[in-house]
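Q: model the following, please.
(chains A, B, C, D, E and F)
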Protein chains: 6
Amino acid sequence: MTTDQPKRTLLTDGRKHPRFAGISTFCRFPLIEAVNDAQQPIDWALYGIPYDGAVTYQPGARFGPRAIRDASQYIKPVHIQHNLNIAEVFSLADAGDAPVHPYSCKETLTAACGFALTLADPTHTKLLSIGGDHSTAYANINATWQRRGKPSGGLALLHFDAHFDTADVIWDEKWTHGSPFIRAIENGLIDPKRMLSIGIRGPLNSIDDFQFSKKFGNQIITYDQWRGGDGKDQIKQFLNRIGSDETYLTFDIDCIDPAFAPGTGTPCCGGFTSAEAFDLLRNCKGVNLVGADVVEVLPALDPTNTTALLASHVIFEILALAAAGK
Amino acid sequence: MTTDQPKRTLLTDGRKHPRFAGISTFCRFPLIEAVNDAQQPIDWALYGIPYDGAVTYQPGARFGPRAIRDASQYIKPVHIQHNLNIAEVFSLADAGDAPVHPYSCKETLTAACGFALTLADPTHTKLLSIGGDHSTAYANINATWQRRGKPSGGLALLHFDAHFDTADVIWDEKWTHGSPFIRAIENGLIDPKRMLSIGIRGPLNSIDDFQFSKKFGNQIITYDQWRGGDGKDQIKQFLNRIGSDETYLTFDIDCIDPAFAPGTGTPCCGGFTSAEAFDLLRNCKGVNLVGADVVEVLPALDPTNTTALLASHVIFEILALAAAGK
Amino acid sequence: MTTDQPKRTLLTDGRKHPRFAGISTFCRFPLIEAVNDAQQPIDWALYGIPYDGAVTYQPGARFGPRAIRDASQYIKPVHIQHNLNIAEVFSLADAGDAPVHPYSCKETLTAACGFALTLADPTHTKLLSIGGDHSTAYANINATWQRRGKPSGGLALLHFDAHFDTADVIWDEKWTHGSPFIRAIENGLIDPKRMLSIGIRGPLNSIDDFQFSKKFGNQIITYDQWRGGDGKDQIKQFLNRIGSDETYLTFDIDCIDPAFAPGTGTPCCGGFTSAEAFDLLRNCKGVNLVGADVVEVLPALDPTNTTALLASHVIFEILALAAAGK
Amino acid sequence: MTTDQPKRTLLTDGRKHPRFAGISTFCRFPLIEAVNDAQQPIDWALYGIPYDGAVTYQPGARFGPRAIRDASQYIKPVHIQHNLNIAEVFSLADAGDAPVHPYSCKETLTAACGFALTLADPTHTKLLSIGGDHSTAYANINATWQRRGKPSGGLALLHFDAHFDTADVIWDEKWTHGSPFIRAIENGLIDPKRMLSIGIRGPLNSIDDFQFSKKFGNQIITYDQWRGGDGKDQIKQFLNRIGSDETYLTFDIDCIDPAFAPGTGTPCCGGFTSAEAFDLLRNCKGVNLVGADVVEVLPALDPTNTTALLASHVIFEILALAAAGK
Amino acid sequence: MTTDQPKRTLLTDGRKHPRFAGISTFCRFPLIEAVNDAQQPIDWALYGIPYDGAVTYQPGARFGPRAIRDASQYIKPVHIQHNLNIAEVFSLADAGDAPVHPYSCKETLTAACGFALTLADPTHTKLLSIGGDHSTAYANINATWQRRGKPSGGLALLHFDAHFDTADVIWDEKWTHGSPFIRAIENGLIDPKRMLSIGIRGPLNSIDDFQFSKKFGNQIITYDQWRGGDGKDQIKQFLNRIGSDETYLTFDIDCIDPAFAPGTGTPCCGGFTSAEAFDLLRNCKGVNLVGADVVEVLPALDPTNTTALLASHVIFEILALAAAGK
Amino acid sequence: MTTDQPKRTLLTDGRKHPRFAGISTFCRFPLIEAVNDAQQPIDWALYGIPYDGAVTYQPGARFGPRAIRDASQYIKPVHIQHNLNIAEVFSLADAGDAPVHPYSCKETLTAACGFALTLADPTHTKLLSIGGDHSTAYANINATWQRRGKPSGGLALLHFDAHFDTADVIWDEKWTHGSPFIRAIENGLIDPKRMLSIGIRGPLNSIDDFQFSKKFGNQIITYDQWRGGDGKDQIKQFLNRIGSDETYLTFDIDCIDPAFAPGTGTPCCGGFTSAEAFDLLRNCKGVNLVGADVVEVLPALDPTNTTALLASHVIFEILALAAAGK
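A: Numbers count the residues shown, from 1 in each chain, chains lettered A, B, ... in the order given. The predicted structure follows:
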């Protein structure tokens, strides 16, 4: 237990200041300016990428960062299962939103990556970006890869999603929310041999959608394989295989069933429950996380804010996973 | 794998034409007029029966076909588990909505059955109707039975539902959404000995509600029996028993828990998850489907369209089940 | 089976009078005045405590009793699993709402307890209160304890909740929705050694939140322990330990996942499904229930009334559990 | 001012008992049983007719009485403009809901009228029914006409509506929500020469829709005529013409614009604001009201309860109008 | 009155076929294929442009055509004020949706214009496009201008909007939903001297926003000028000035107050009521309409479909205005 | 025109940085820390008081400041009618939220007033508080009065509201959302002779509710008087009477009709349209504003954020009114 550690994050105490009060920041973490003013290092910086121009169906995820900031006020810092307080393990900050170009995915990714590269201490601070649609993951993967010294083999990737997101071209465009990982692999940011996609399900456009993984060698666990019991062992083998390799985690909220996460743009029925998803994340204990994102929260389809709240819990699980892996 | 088969359905390609564009048809299948113009046979015709006058609680399912057409735009044709493309196995069409008489259940059933009897090739084309309340199932069962040559023993029935729907009379009326199967049995359309009701749950009006099955010999698997583990074997035995008998499948969306399907008129807490329901449907592989319906979607109680989307997935599963059984 | 028993509750028959008609009472039970007029004893009286001034996050549970009355119209009396008709086992009544003082938790608890003490036959009639926030449970526990003759050891407690609700002081206040059980233990109403909290989960403010249970000896089953399989045995041991002791059951709707119960003030992702919660309640068969409450339903966050409907089902399960234990 | 009058209605005082507490009755008026027990006469009895089987578009108004009971808790008794307290002028009661036959409009109207005829003192108590769809108005008009001694010339009628509701037959049916007034005129309950329809607007099926009024001589003020300034004089002339004749008032909530009343089944854009409608009702001061109804509130399309609240205000205005005319 | 004219449009009769049934087309007009098959000319073709990539705030108007098709089922053909039946005056058709390029405004405008140019008889058929965001208006203006023979002076323009939509560049982009009219003027499609913008209101980015109109000479009536009484005369003078010139009408639903039209991307409080907007449109009687659009309906922010219904009414008013001007 | 003035407020430019991006502050004004860091004076500081414990009906306004921050992102700085740019006239800042005590109105008012007294330059900076329920107005009135040097006659008051809010005691409590002004008058903060309440309407609890104004001499314009045409002159006379006296403006969003402002706790049908309310505010030009508040926005009843957006517009109008009066 970590209670004897000094408090690192300047977290607002909900027992003193109500959680419905104050300027909204992710999980009530301090604004990056305040942490800088306090001359404190930052272990993880969270920032939004409010861009949704690359979607193929329902837009609106540009409002994701704002909704998640509001919903995450209810998140507290102590993780029961990992038995730690993320605010004691890490110094955390909300770095605001990256600049975006609403009319160009590519320019948005360039601008957001540029912004991310400058945040806090590039060699120390890790980045968790909050979408936005899944195209934005590319920007944070790119920034993370660069900040880690551009490892030639690329990063390992834990990919939670209902969809492959490895389509080469959609509607004549190479930069879409269905394509971040093919681009990341092409550009050497991600190593497909150390990439695990988990939660894939639902009807497909064509049987060729599986071909990418065959060609590039990334590992896939469909939701149904996981339900059938094969998944846990596969995850363990994957974790064993990557060992302490630098790993990026990308979490598309639509890997969870629309009953739990209705507010998303391309929902697919028959997925993880929230509890199953948390289980999965906790089972990844030991992974060496060097960057992460949570994407595809669409507040206009989230009348009770359940999806944004769930995304907040996922952010908390990811930070706790990183803390547990230290 | 079926990729070498010629494309049979004139399906709009979502990678070329966005799924949010165009006149809404079920799953983007072509309108029946277009298929007829192309002089193509039709294996399965889908049509709506927008009638909800026979409900006992919350009305509004008359808007079900419209909502399901809109939500089903996101359905794609390839089924991973059955490893097939329904649009390659079947020629499919949206036949529009049956005529209804909003003030009379009996007249609606007559009109809808009459409409259904004329669709495409009566001896070849199979019918999937979309409600509307559960009373509408009777019309499609009747049309299916007639098109199959009025088999004297009736059809076998796979019945997914939270409720029995075998009430004799409700509020002095014999034609209600709680009575389609007692009427179908009385009239020889369904064989109660080869009828399986699965998902029954929730508080009952009286202990007599079980008597129907005792008297007529239909098999029942309550949701709790299924949860307890008894269900899978029972389903297997039922499937073995009916073998290749002509079977009709009726799917009341309220067999699924209201968290997943809030948009329904008589919701009952504590039911299947979507994933469990898909599992069940996939476990029926091998059944000889000759007709089906999906009923009781109530859009006014479905603010994020989750229920209509789920119904679209169920339709996809049913068509894939039929394809897998070919 | 209990069908030969005389009908005890003056229940409106849904097959005769539609469930969408009439003055709303809990589960269509008769108003207490009508039962009194009929000179019938009352086994269980249900009443609302429309107070939410003690919450720490989202208010609005003061409208819980009204919403649950409306949603519970669809509840029927026969419980399949326990094989009984609660309206035949028990004479049941809706006693209306307790007086509340919207600006003072303590005065509300005093007023509500005073109201509860006078209901029907204090030595015979058991009480089920419907919140309101969880602070209101104290009033009903207090009234139950007094009506049972102020047992010196206090009552045993079955506590379903995502949260401990044993905080000593929140925002300088000892009477909050996070504190009912510490107060009940301090005042001898509840015996912490015979208290079981089940469903605890989610991020905590501090690691000290577990200290209460360590100090007072109450038993805790986190949701994750339950998911891991430990829970069922623990529950059985607890039930064996308390035997036929007088037991109070408190049910915070937020023990169930927000996908199933979005309408609550402090939702926590990753909890019980409705079916799991019903299972748990049914597994408590044999417990000697002498009082109960269902709390924290917040209608303004419940656009499809799913949470209020679920709370109605929980009330039904609790009454059936009491009936099964007779 | 009427403050020296004795209090007649046993109204719950909102300053003592919060308006969010207690069994819901219309405007917190006492249940008819309580007034009878107090051996008090009843001047106006309010009752619901939860029937919507006669609609032509969106159903759900069967839940109107329940929603209006809940929303009307916020109505207080003093009317500023008429300078009176309706609870001092009148003894008022909520008589519950009439029996309905959900599958037959005609049987519902017979049952509801039969119920209405028996309420309180048939020669003294006036009736205000709350729908339900507009077909239900016929039942209350019929009961009112009979209770007033079956006046041979029929009653005068003040009709607020976006639609004529004088269609002879819709979908082969003579009893629909588009036909109550043609039936009432045919049966001598209403005198078409003393009938004023106000608020008519929107696209029509055919130009013949005006023919009814031409043939029967009822007076029509379209919404646009009223906006153009012609309306006020026409209303005055109508009121002068009917003088102290016994008059029935029927209020379809869809006469008000959907911005103010979204929760209705056949909404028509471009209608009265709430303030304009209240103005109109107040301008009818002096009319001798002997019965009234408020219909077509559809709660499933009323997410913020604004329509049900508005209907409560309309009920209050009607009762105040009746009081002002005494 | 036009009743002796032959019926021109193959309209489904709502008194025979319920308005909640059938494949959704705009106002239940026939699909263009059916009209072509019947070898009937088409006076006005309606089509959707489901594109929203050019917005500056809330996206989602890509689902506008679908929502308006569904909501417009309740529109009937007879216009009381203009005393005509649009389906008798005009042969009308739903031409489906234009192709769009979701990732490029410019390519979308090119594709949509190309599609529009081919519809029905280019020299006879007039076009009404349904957005989509306001950028889509450019495509239909362009197609209309070309079909009218590329008049060198451009078309006159009636522009209903809360915003100018004449921004030169937004976020480095010349093709946005804030820029359609500056582009149309630059390219000679619209004559700024014969352009009237009505309904402008709300806070501005800079005082320069008025400069466009000063420079180009288009006429502006702010909502407040209109409320102050100046507007009606200005409209009359504008109509007199343009006389029988070919005029295009563009209607941004946000010219109407968000109470009436919440479902829009850049709502601005304090605008027209629906009734005021209809009045304005009716006051334009006599204008020679050669094309029109209705844009910026955003269904995800329209929980009761009020905005889509209002847009349907506006379409009806525009067609009736065109009919009245014949 | 003020364009030659130097820009005073560090406003984010929406044409450069999208309005859906970045940490939410009121109207995108800078955080007070940033203005302080820039050593800039502050003319008006805006801050939230997230407290709703003093309500009498529907709670939830504690989330008002957060919702208004989010919705106000779309507000721009230039006011057309007053012909000025508020960001050029004033240096503006968001000072965050005041501390509150959720369980005590009185302690909240003390804490919030204490917080407000310390903001920026107490003798220069004026304060605009954002509720929270109407009780919070007292805190800002108190702070404003103290910062203005505790003028012995109190401040003048412009009061927009559907309700009097001068109840002495509600449910035994003197500090409620129905009582701020009686307390402010008792304590000499407000001069009742220079107090104007406008918009009063709706049913009252008792005829005595008018007595306060009779006794204390404050001026009242009911909504109906204003509609009748009397209001404008009365306002003018009031403004003439107070001249350049220091005036506080309190704006309860429920003075506007629930069609425009559904998200409020005690809605009252039949009130101002948004446009009428803006008109009123603009007609107060010349008033010497020294403080203001906007209260009673309840986000849980505001599904399309229309009410929060409207409140943002009202804040903008108030600041522009203050700027116009300089």
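Q: so A:Glu246 touches A:Arg147, yeah?
A: No - using C-beta atoms under 8 Å, A:Glu246 is not in contact with A:Arg147, being 10.5 Å away. Heads up, the C-betas are built off the backbone N, CA and C, glycines and all.
Q: chain center to the helix or strand hosting A:Leu158: distance?
A: Applying DSSP states H and E as the criterion places A:Leu158 in strand A:155-160. Mean-position distance between strand A:155-160 and its chain equals 10 Å (C-alpha atoms, centre = their mean, to the nearest Å).
Q: where in chain A is pLDDT low?
A: A:1-7, A:10-11 (pLDDT under 70).
Q: list the helices and strands the lengthiest strand in it packs on?
A: As assigned by DSSP state E, the longest strand anywhere in chain A is strand A:190-200. Other elements packing on strand A:190-200 under the criterion 3 or more C-beta pairs under 8 Å, 6 or more residues apart in numbering or on different chains; DSSP states H and E are strand A:155-160, helix A:180-186, helix A:211-216, strand A:219-222, helix A:223-228, helix A:231-242.
Q: who in the stretch 101-250 of chain A is up against chain F?
A: A:Pro102 (C-beta under 8 Å from any C-beta of the partner chain).
Q: and the residue of the stretch 101-250 of chain A found nearest chain F, which of the three is it?
A: Closest approach between the stretch 101-250 of chain A and chain F, counting by C-beta to the nearest C-beta: A:Pro102, at 5.7 Å. Classification of A:Pro102 by DSSP: H, G, I helix; E, B strand; the rest coil places it in coil.
Q: let me know which of the helices and strands packed on strand A:190-200 is tucked in deepest.
A: strand A:155-160 (a mean of 26; mean count of other C-beta atoms under 10 Å in any protein chain shown).
Q: residues from the stretch 51-200 of chain A in reach of chain B?
A: So the stretch 51-200 of chain A meets chain B at A:Thr56, A:Tyr57, A:Gln58, A:Ile170, A:Trp171 (C-beta under 8 Å from any C-beta).
Q: ok, the last one touching E:Pro102?
A: Translated: A:Trp171. Yes - here A:Trp171 lies in contact with E:Pro102, judged by C-beta under 8 Å, at a distance of 6.0 Å.
Q: longest helix anywhere in chain A?
A: Using DSSP state H to define each element, chain A has its longest helix at helix A:306-324.
Q: neighbours of A:Ala87, how many?
A: By other C-beta atoms under 10 Å in any protein chain shown, the residues close to A:Ala87 number 22.
Q: if we can go back for a sec, which residues touch the residue of the stretch 101-250 of chain A closest to chain F?
A: Taking C-beta atoms under 8 Å, 6 or more residues apart in numbering or on different chains as the contact definition, A:Pro102 lies against A:Tyr51, A:Gly53, A:Arg62, A:Thr108, E:Val55, E:Thr56, E:Trp171, F:Pro18.
Q: okay if I get the helices and strands packed on strand A:190-200 as a markdown table plus distance to B:Lys76?
A: A markdown table is the format used below for the helices and strands packed on strand A:190-200 (distance: least, C-beta to C-beta, whole Å):
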| stretch | distance to B:Lys76 |
| --- | --- |
| strand A:155-160 | 20 |
| helix A:180-186 | 19 |
| helix A:211-216 | 16 |
| strand A:219-222 | 15 |
| helix A:223-228 | 16 |
| helix A:231-242 | 23 |
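Q: before we move on, back to that, how far off centre is the longest helix of chain A?
A: So, by C-alpha atoms, centre = their mean, the centroid of helix A:306-324 is 9 Å from its chain's centroid.
Q: can you check stretch A:77-91 too?
A: 18 Å.
Q: what does the stretch 51-200 of chain A put close to chain E?
A: Looking at chain E, the residues of the stretch 51-200 of chain A close enough under C-beta under 8 Å from any C-beta are A:52-56, A:58-60, A:62-63, A:101-103, A:105, A:171-173, A:176.
Q: which of these count as buried?
A: A:52-56, A:58-60, A:62-63, A:101-103, A:105, A:171, A:173, A:176 (16 or more other C-beta atoms under 10 Å in any protein chain shown).
Q: thinking again about what came up before, out of the residues of the stretch 51-200 of chain A next to chain B, flag the one nearest to chain E.
A: For these, the nearest to chain E is A:Trp171 (6.0 Å; C-beta to the nearest C-beta).
Q: would you mind measuring from the closest one to F:Thr12?
A: 32 Å (C-beta to C-beta, to the nearest Å).
Q: mind listing which of the buried ones among the residues of the stretch 51-200 of chain A next to chain E are in helices?
A: Assigned to helices by DSSP H, the following of those qualify: A:Cys105.
Q: okay, and which of the buried ones among the residues of the stretch 51-200 of chain A next to chain E map to strands?
A: Going by DSSP E, the strands hold none of these.
Q: I figured A:Ala21 hits F:Ala111, correct?
A: No - counting by C-beta under 8 Å, A:Ala21 does not reach F:Ala111; the two are 11.1 Å apart.
Q: overlap in contacts, the two.
A: F:Pro99, F:Val100.
Q: higher neighbour count, these two?
A: A:Ala21 (24 against 18).
Q: list the contacts of the more buried one.
A: By C-beta under 8 Å, 6+ apart, the residues touching A:Ala21 are F:Gly48, F:Pro50, F:Arg62, F:Pro65, F:Asp97, F:Pro99, F:Val100.
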